[in-house]
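**Q** pasting the sequence and the predicted model now:
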2 protein chains.
Amino acid sequence: MTIKEIARRANVSLGTVDRVIHNRGKVSKEKKEKILKIMEEVDYKPNIYARGLVLNKSYTIAALMPEFEVGEYWEVPSRGVGNAANSLSQFGIKVKYFYFDQNNIDSFIKQSNKLIESKPDGVILAPVINFEAVKFCGKLRKLDIPFSIIDSNIENSGAICFIGQDSIQSGRLAAKLLSTSTKGRGKLLIVSIKNNENHNKTLQKRIEGFNDYLLESSNLDDIHVEEVIINQRETNWKNSLETILKKKHPDGVYVPSSKVHFVAEIIKKNMFESKLVGNDLIKNNYYYIESGIIDYVIGQRPETQGYLALENFYKYLVTNQKVRSIHNLPLDIITKENLIFYKTNF
Amino acid sequence: MTIKEIARRANVSLGTVDRVIHNRGKVSKEKKEKILKIMEEVDYKPNIYARGLVLNKSYTIAALMPEFEVGEYWEVPSRGVGNAANSLSQFGIKVKYFYFDQNNIDSFIKQSNKLIESKPDGVILAPVINFEAVKFCGKLRKLDIPFSIIDSNIENSGAICFIGQDSIQSGRLAAKLLSTSTKGRGKLLIVSIKNNENHNKTLQKRIEGFNDYLLESSNLDDIHVEEVIINQRETNWKNSLETILKKKHPDGVYVPSSKVHFVAEIIKKNMFESKLVGNDLIKNNYYYIESGIIDYVIGQRPETQGYLALENFYKYLVTNQKVRSIHNLPLDIITKENLIFYKTNF
DNA sequence: TTGTATGCGTTATCAT
DNA sequence: ATGATAACGCATACAA
């Protein structure tokens, strides 16, 4: 059904129908009602090709996320955004990246200002420096630039959507997997490896979930949990970690971040028998999952996060569809036997 | 970059450029080369809006899959196809379903003939009746109707793509999860619940993988495996199953299909302590996963399978992109703690 | 072999 | 308040 046909049926011109559709200009009440009724009846849907052709707009989306080395976590969401940019380029969606050093607040501020100067049509934000990110959201709201948040959420930020995971549940799941692997008993160690001043809340939420699960799931007499914090800014932090592991000799280790490969390295070197559970399917973890040193990794589809974030802007800006305000992506359980399917991206 | 601009740069008309792009009509060698060079330089990509507008074709894809009751497995891929149809309707993609009774070969033949009479532009095939499906693929090839296969593959079928899972690896994964849950020891029982003459190979491949894994993974002295086959066509098959479970008293049960809920029901009723692993996140299994009676279910993203199948036809027919010939979707490990994220579809 | 004209459905601008 | 019309980029039929 076309505008032309609607105009014919309503005995008016194209222009009049158009005015009704877009609420622009003046249209007499009776004609307007007649047109609306016909549109309703025939369930008029605009031809997106014709619309795209005549509008021929192009949108620039700015992505503000941490810089990364190859194999590190933030490579993956970034690639997700890139993939989406690729397949949406035909529809006039462009991406401009602004990378910041997640251990340097000034870098975040500087990049976020550059971003705003570039006057993007939309922003994808990874709020790993929580406090500054909240302020940044305020600026975007004032400027009326729509934005979406990935990875970890900011409550009441005004974002058009959040795409990420449920961190507490991630910790609970880790607890289940680790305790099952240690046959429901033994000494468990939580190893938090940090190199900043705890800017974001993901780690602590995961640990919270981990402890909650164990407290709820009966036989507490058989299970012991301890937590150690490793500061990557200290020289020799790897040696300290190794010393601790040697001393504690845990039956199971939980690393609530993608840095689980550091622990895996030590376990392998010393041929410990510890079960090991961590987060995120990054390249640095591949080998240790393959060889079974890491028993389980919990994935959160970072690539999909990036992809959906951009795709949502397409829906929002180009096709004017509503977008879901919260996407909690599945917590995937990845282990030696299903690793291969997750490596090839989805 | 437009055709017009390319024509201007090459000092030719729109028509000539068009002839080069579509290899139609005669074009002098020198002009052709000049045009191709310019197109290369500017990386010409046609405007999909303009193309879509002028072609304005609509494609009908026929989906040939098993009929289902609410909550059964085939509801999910079917919904995936429906979702895709919804979001691709703007692009002129339509779907026509042909459902057959998977326990009735005649029904398959009848529906497949009806499908061919409808002269679709493409076919999505679920080859659960393997032998007949192979013959059907031959017909489609002769008629030059492109088709894709979902769920389980047919080798050298001539399909433009296969979308499904690796059944053997699915069985291996099940073996790992079940043996870990039973602490690496005990009596394991494989329960095959069938209601047809073994038309498709998925079950047997899963069982093959299951056994292989256990044979390879060391301590064979501690593990015992037995297989029972239940025929749903026998009256009182549920009672037989219950009797068997009572007699064998297994430490762990593997049901290599979505019918694991039948076993869960019996385990719950009798309050057995058996660990239980099965396949597929269907509604009938939700409750038992939630309550922990089913320890793990291995999912294969049936909804995504359906979605991708249709989306691939969009790529193939509308945008003329190449499509990946094999999509082995991830084997998702679903358990009480991450169930909720998989229920909301992806 | 090459060039020109028309139309796809929508939007936006210009007269009336 | 309403109608007519040009333009978007591409494909195609037709003219030269």
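**A** Arrived safely.
**Q** would you list every one of the helices in the stretch 101-250 of chain A?
**A** A:105-117, A:130-143, A:167-181, A:202-216, A:237-248 (DSSP state H, counting those that start in this stretch).
**Q** so what secondary structure elements neighbour the shortest one?
**A** What it means is helix A:237-248. Judged by 3 or more CB pairs under 8 Å, 6 or more residues apart in numbering or on different chains; DSSP states H and E, helix A:237-248 is in contact with strand A:186-194, strand A:223-231, helix A:260-270. (C-beta placed from N, C-alpha, C; glycine too.)
**Q** wait, does the second one contact chain B?
**A** Yep, that's strand A:223-231 we're talking about. No. Against chain B, strand A:223-231 shows no contacts by CB under 8 Å from any CB of the partner chain, the least distance being 15.1 Å.
**Q** who's in contact with stretch A:35-44?
**A** A:M1, A:I3, A:E5, A:I6, A:R9, A:A10, A:V12, A:T16, A:V17, A:V20, A:I21, A:V27 (CB atoms under 8 Å, 6 or more residues apart in numbering or on different chains).
**Q** if we go to 10 Å?
**A** Contact with stretch A:35-44 is made by A:1-3, A:5-10, A:12, A:16-21, A:27, A:45, as judged by CB atoms under 10 Å, 6 or more residues apart in numbering or on different chains.
**Q** of those residues, just the buried ones, PyMOL syntax please.
**A** In PyMOL, this line selects whichever of the contacts of stretch A:35-44 come out buried by 16 or more other CB atoms under 10 Å in any protein chain shown:
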select buried, chain A and resi 3+6+7+9+10+12+16+17+18+19+20+27
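**Q** out of the contacts of stretch A:35-44, list just those in helices.
**A** A:3, A:5-10, A:16-21 (DSSP state H).
**Q** how many other residues sit next to A:G138?
**A** By the criterion of other CB atoms under 10 Å in any protein chain shown, A:G138 has 12 neighbours.
**Q** measure it to A:D144 for me?
**A** Distance of A:G138 to A:D144, computed by CB to CB, to the nearest Å: 12 Å.
**Q** quick one on the thing from earlier: the contacts of stretch A:35-44: which ones sit near chain B?
**A** A:K45 (CB under 10 Å from any CB of the partner chain).
**Q** the contacts of stretch A:35-44 also near DNA strand C: which ones?
**A** A:T2, A:I3, A:D18, A:I21 (CB under 7 Å from any atom of the strand).
**Q** take those residues and lay them out in a markdown table including pLDDT and distance to A:L214.
**A** Shown next, in a markdown table, are these (pLDDT from 0 to 100; distance: CB to CB, whole Å):
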| residue | pLDDT | distance to A:L214 |
| --- | --- | --- |
| A:T2 | 92 | 63 |
| A:I3 | 95 | 63 |
| A:D18 | 94 | 63 |
| A:I21 | 92 | 59 |
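**Q** which of these sits closest to B:L220?
**A** Nearest to B:L220 out of those is A:T2 (CB to CB; 70.8 Å).
**Q** these two touch, right, the closest one and A:I21?
**A** No. Assessed by CB atoms under 10 Å, A:T2 is found out of contact with A:I21, at 11.9 Å.
**Q** which neighbours do the two share?
**A** Joint contacts of A:T2 and A:I21 (CB under 10 Å, 6+ apart) are A:Y44, A:P46.
**Q** with adjacent residues omitted, what lies nearest to A:P250?
**A** A:L189 (3.9 Å; CB to CB, 6 or more residues apart in numbering or on different chains).
**Q** residues contacting that neighbour?
**A** A:L189 neighbours (CB under 10 Å, 6+ apart): A:178, A:224-228, A:244-245, A:248-255, A:263, A:274.
**Q** give me the buried subset of these.
**A** The neighbour-count test (16+ other CB under 10 Å) marks A:178, A:225, A:228, A:244-245, A:250-255, A:263, A:274 as buried among the contacts of A:L189.
**Q** what is the nearest of those to B:G80?
**A** Nearest member of those to B:G80, counting by CB to CB, is A:L178, at 33.5 Å.
**Q** the closest one and DNA strand C: what is the separation?
**A** A:L178 sits 55 Å away from DNA strand C, taking CB to the nearest atom of the strand, to the nearest Å as the criterion.
**Q** with A:I230 instead?
**A** 57 Å.
**Q** what about that residue, how many residues nearby?
**A** By other CB under 10 Å, 19 other residues sit near A:I230.
**Q** taking the stretch 201-346 of chain A, what residue is nearest to DNA strand D?
**A** Closest contact between the stretch 201-346 of chain A and DNA strand D, by CB to the nearest atom of the strand, is at A:V318 (15.4 Å).
**Q** surely A:Q102 and A:N196 touch.
**A** Yes. Under the criterion of CB under 10 Å, A:Q102 makes contact with A:N196 at 6.6 Å.
**Q** residues contacting A:V76?
**A** A:68, A:258, A:280-283, A:299-306, A:345.
**Q** mind running it again at 6 Å?
**A** Neighbour list for A:V76: A:P302, A:E303 [criterion: CB atoms under 6 Å, 6 or more residues apart in numbering or on different chains].
**Q** where does it sit, in terms of helix or strand?
**A** Per DSSP states H and E, A:V76 falls inside helix A:75-88.
**Q** partner residues bridging A:L188?
**A** Note on A:L188: beta-bridge partners by DSSP bridges are A:V225, A:G252.
**Q** so what pLDDT did it get?
**A** We have a pLDDT of 96 for A:L188.
**Q** for DNA strand D, see how far away it is.
**A** 61 Å.
**Q** quick one on the thing from earlier: how near is the residue nearest to A:P250 to B:F136?
**A** A:L189 is 57 Å from B:F136, where distance means CB to CB.
**Q** and A:S87, by the same measure?
**A** Taking CB to CB, one finds A:S87 at 32 Å from B:F136.
**Q** so the two - more neighbours on which side?
**A** In this view A:S87 and B:F136 are compared by other CB under 10 Å, and B:F136 has more residues nearby, 25 against 16.
**Q** what does chain A have sitting close to DNA strand D?
**A** A:11-16, A:18-19, A:25-28, A:31, A:50, A:53-54, A:56.
**Q** now, these that are in strands?
**A** Secondary structure defined by DSSP state E assigns none of these to strands.
**Q** among these, name the buried ones.
**A** Those of the residues of chain A next to DNA strand D that meet the buried threshold are A:V12, A:T16, A:D18, A:R19, A:V27, A:K31, A:A50, A:L53, by 16+ other CB under 10 Å.
**Q** how about the contacts made by the fourth one?
**A** Just to be clear, that refers to A:R19. A:G25, A:V27.
**Q** just checking, A:L276 touches A:Y296?
**A** No. With contact defined as CB atoms under 6 Å, A:L276 does not reach A:Y296; the gap is 8.2 Å.
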